[in-house]
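Participant: let me see the structure of the following:
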Amino acid sequence: MRVPREAPRSIGVLSAAIVLATQCSPAAAQARPMPPGSLPPISESTQAAIIDSIISVLDATYVMAGEGARMAEHLREGWTEGEWR
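Facilitator: Coordinates of the predicted model:
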């Protein structure tokens, strides 16, 4: 059986694609978390905006409205008490 001349090149391309897919996937990125203290600090106003955004999403999309409101209140209380700063 005669193998086409393109076979080695296509195998190389396929091998490179497999390596890139496994090394550059979101799962691979999650396997190496950032060490504590390696990211720049987030300002208090940015932290408040993040909490507000999460609460807005909870209010708008949570299926069980009562649970969503309870979770939002928990976030507000935690932020007010300085739990996540």
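Participant: how's the chain carved up into domains?
Facilitator: The chain breaks down by automatic domain parsing into domains covering 1-31, 42-85.
Participant: quick check: mean pLDDT of the shortest one?
Facilitator: This means domain 1-31. For domain 1-31, mean pLDDT rounds to 60.
Participant: what's the answer for stretch 50-68, then?
Facilitator: 86.
Participant: what lies in contact with that stretch?
Facilitator: 42, 69, 71-72, 75-76, 79, 84 (Cβ atoms under 8 Å, 6 or more residues apart in numbering). Backbone N, C-alpha and C define where each C-beta goes, glycine included.
Participant: only C-alpha atoms, please: export that stretch in PDB.
Facilitator: Coordinates of each C-alpha in stretch 50-68 appear next as PDB, following Å, rounded to 0.1, in the frame of the first residue of the first chain:
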ATOM      1  CA  ILE A  50     -18.200  43.500  41.700                       C
ATOM      2  CA  ILE A  51     -20.500  42.800  44.700                       C
ATOM      3  CA  ASP A  52     -23.200  45.000  43.100                       C
ATOM      4  CA  SER A  53     -22.900  43.300  39.800                       C
ATOM      5  CA  ILE A  54     -23.200  39.800  41.400                       C
ATOM      6  CA  ILE A  55     -26.300  41.000  43.300                       C
ATOM      7  CA  SER A  56     -27.900  42.400  40.100                       C
ATOM      8  CA  VAL A  57     -27.400  39.100  38.300                       C
ATOM      9  CA  LEU A  58     -28.800  37.200  41.200                       C
ATOM     10  CA  ASP A  59     -31.900  39.500  41.300                       C
ATOM     11  CA  ALA A  60     -32.400  39.300  37.500                       C
ATOM     12  CA  THR A  61     -31.800  35.600  36.900                       C
ATOM     13  CA  TYR A  62     -32.100  33.400  40.000                       C
ATOM     14  CA  VAL A  63     -34.900  31.000  39.500                       C
ATOM     15  CA  MET A  64     -36.200  31.000  43.100                       C
ATOM     16  CA  ALA A  65     -36.700  34.700  43.800                       C
ATOM     17  CA  GLY A  66     -36.800  34.200  47.600                       C
ATOM     18  CA  GLU A  67     -33.400  32.300  47.600                       C
ATOM     19  CA  GLY A  68     -31.900  34.900  45.200                       C
END
